[in-house]
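> Turn this into a structure:
(one chain, ligands or ions: 2)
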Amino acid sequence: MTTNNLIRIKDYEANAKKLLPKAAFEFFGEGTGHEDTLKNNLESYKRYRIRPRYLRNVEQRTMRKKILGKDVAIPIGLSPTAIQKLAHKDGECAAAKAAEELGTIYILSLHSTSTMEEVTQAAPKGRKWLQCYIFKVREVAQEIINTAERLGFEGIVLTVDFPVLGSRNIIAQYGHPLPYYLKKAILEKYLDSGIISNSAEVTDPSADWSCIKWLKSITKLPIIAKGILTAEDAILAVEAGVSAILVSNHGARQLDGVPSTIESLPEIVSAVGDKVEVYVDGGIRDGTDVFKALGLGAKMVFIGRPIVWGLFHNGEQGVKNVLTILRNELDKAMAISGCAGLDDITKDKVIHESHYSKI
Ligand SMILES: Cc1cc2nc3c(=O)[nH]c(=O)nc-3n(C[C@H](O)[C@H](O)[C@H](O)COP(=O)(O)O)c2cc1C
Ligand SMILES: CCCCCCC(=O)C(=O)O
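Numbering: from 1, shown residues only. Ligands and ions are numbered 1, 2, ... in the order given. Prediction:
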């Protein structure tokens with residue numbers, strides 16, 4: 001396939017399915033359990049409708065907005081995904097450069113196959129956040145976070161939905177997906193020395209919300225809690241002092257049967273009000289999905305697998321293509337629904353399909 005045949009995100013996925021080795025494609029693509037939540041992440045978006053308004057002067061449009069006090073050019077960021085060099089030799093550096101070019105935020109996975117230094121060098125001006133866990137050995141987090149801070153990373157994304165690794169069919173079938181020629185660049189030193197025994201068991205399952213207080217004592221960077229699905233946890237996260245919440249079910253890879261993220265988003269937005277920023281990831285494959293998430297109260301969205309499919313196709317250019325597709329689709333959705341800016345994507349512009357069956 002040439003780039004010209006790859007018009008939608010689903011084309012990038014189909015391309016990866018056709019050409020990536022089966023175990024690699026399935027590692028990236030799979031969910032947990034029966035994959036009901038994986039399907040629901042996608043299907044839930046189709047249950048919402050856009051209510052367009054016309055004759056609203058949409059000639060000049062912008063997607064620029066402030067996220068944690070600084071500009072992004074598009075409200076679509078890159079969620080952390082592990083071992084990106086399995087998709088393309090330039091891995092995380094290529095994805096971070098694409099994010100820098102498009103003016104958005106790149107979240108580096110702790111299971112990165114590139115070091116924080118390499119990613120910083122590849123995308124020195126780009127906005128970068130580091131994804132982290134509460135490790136069994138707290139000093140590991142402290143050392144990694146200190147490095148991130150020194151290198152100019154602007155936020156710590158604390159993944160809270162990973163007390164243990166979810167059951168993964170592919171890991172059970174093929175073992176750990178990391179080929180011998182790739183290294184977990186950030187974790188390697190701790191794995192080699194035995195401080196961390198196994199990269200699937202990095203986190204401390206005994207951690208509770210007091211860990212945010214500890215994190216705040218070791219870093220000045222804003223903390224973004226990733227993996228929240230309920231209003232109750234959102235309130236606890238706010239009380240604990242996070243700066244933002246990323247509503248996420250880990251791409252449906254941790255626990256099957258949890259809600260899709262677009263189903264969870266409204267209760268979280270209404271629970272936290274404007275106390276902290278709320279973002280969402282999971283199942284976003286079209287600019288209209290981005291529109292719906294923003295209409296339901298997300299300040300920004302993030303994408304996981306589409307980045308991997310873009311990387312696989314063509315490294316940095318492939319990731320730029322994926323982001324550009326979503327940006328252009330969002331732009332059309334804004335124009336044809338009467339929105340000149342992101343603030344015009346208000347609550348009344350998105351409604352659940354059940355509204356129409358009641359009429
Ligand atoms: C291959 C893969 C690896 C992932 N690795 C991480 C990770 O290292 N840390 C993390 O917090 N989330 C990880 N996630 C979850 C993503 O950050 C994100 O929540 C999810 O992919 C969003 O759903 P989407 O793929 O439908 O866009 C991973 C997801 C995938 C698909
Ligand atoms: C041993 C595999 C660890 C995978 C960690 C990355 C991740 O979060 C994922 O969903 O995959």
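> Please count neighbours and contacts with C-alpha atoms only from this point.
Fine.
> List the contacts of the nearest residue to Thr32 once chain neighbours are set aside.
In space, Thr32 comes closest to Arg253 once its chain neighbours are excluded; the distance is 4.6 Å by Cα to Cα, 6 or more residues apart in numbering. Going by Cα atoms under 8 Å, 6 or more residues apart in numbering, Arg253 touches 30-32, 38, 166-168.
> Most neighbours among those residues, please name it.
Leu38 (27 neighbours; other Cα atoms under 10 Å).
> Specify the local secondary structure of that residue.
Here Leu38 is helix, with the state taken from DSSP: H, G, I helix; E, B strand; the rest coil.
> How about it: what's its closest non-neighbour residue?
Using Cα to Cα, 6+ apart, the closest residue to Leu38 is Ala252 (5.0 Å).
> Tell me the residues of the stretch 51-200 of the chain that contact ligand 2?
Contacts of the stretch 51-200 of the chain with ligand 2, taken as Cα under 6 Å from any ligand atom, map to 82, 176, 199-200.
> From these, keep the buried residues only.
Buried by 16 or more other Cα atoms under 10 Å: 82, 199, out of these.
> hmm, back to that, mind putting the contacts of Arg253 in a markdown table, pLDDT included?
Below are the contacts of Arg253 laid out as a markdown table (pLDDT from 0 to 100):
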| residue | pLDDT |
| --- | --- |
| Glu30 | 96 |
| Gly31 | 97 |
| Thr32 | 97 |
| Leu38 | 98 |
| Gly166 | 94 |
| Ser167 | 92 |
| Arg168 | 90 |
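> Looking at the residues you listed, which is nearest Leu151?
Nearest to Leu151 among these, counting by Cα to Cα, is Gly166 at 31.5 Å.
> Return the distance of the nearest residue to Pro205 once chain neighbours are set aside relative to Thr62.
Spatial nearest neighbour of Pro205, excluding adjacent residues (Cα to Cα, 6+ apart): Pro163 at 4.5 Å. From Pro163 across to Thr62, the span is 40 Å (Cα to Cα, to the nearest Å).
> re earlier: so how many other residues sit close to the residue nearest to Leu38?
Per other Cα under 10 Å, the neighbour tally for Ala252 reads 27.
> Does it touch Gly29 like I think?
No: under the criterion of Cα atoms under 8 Å, Ala252 makes no contact with Gly29, lying 10.1 Å away.
> Over stretch 192-200, what's the mean pLDDT, rounded is fine.
Per-region confidence: stretch 192-200 scores 87 on mean pLDDT.
> My understanding was that Gly126 contacts Lys97; is that so?
Yes: using Cα under 8 Å, Gly126 makes contact with Lys97 at a distance of 7.3 Å.
> residues contacting the residue nearest the centre of the chain?
Central residue check for the chain by Cα atoms, centre = their mean: the C-alpha nearest the mean position is that of Ser79, 2.4 Å away. Residues in contact with Ser79 (Cα under 8 Å, 6+ apart) are 106-108, 281, 302-304.
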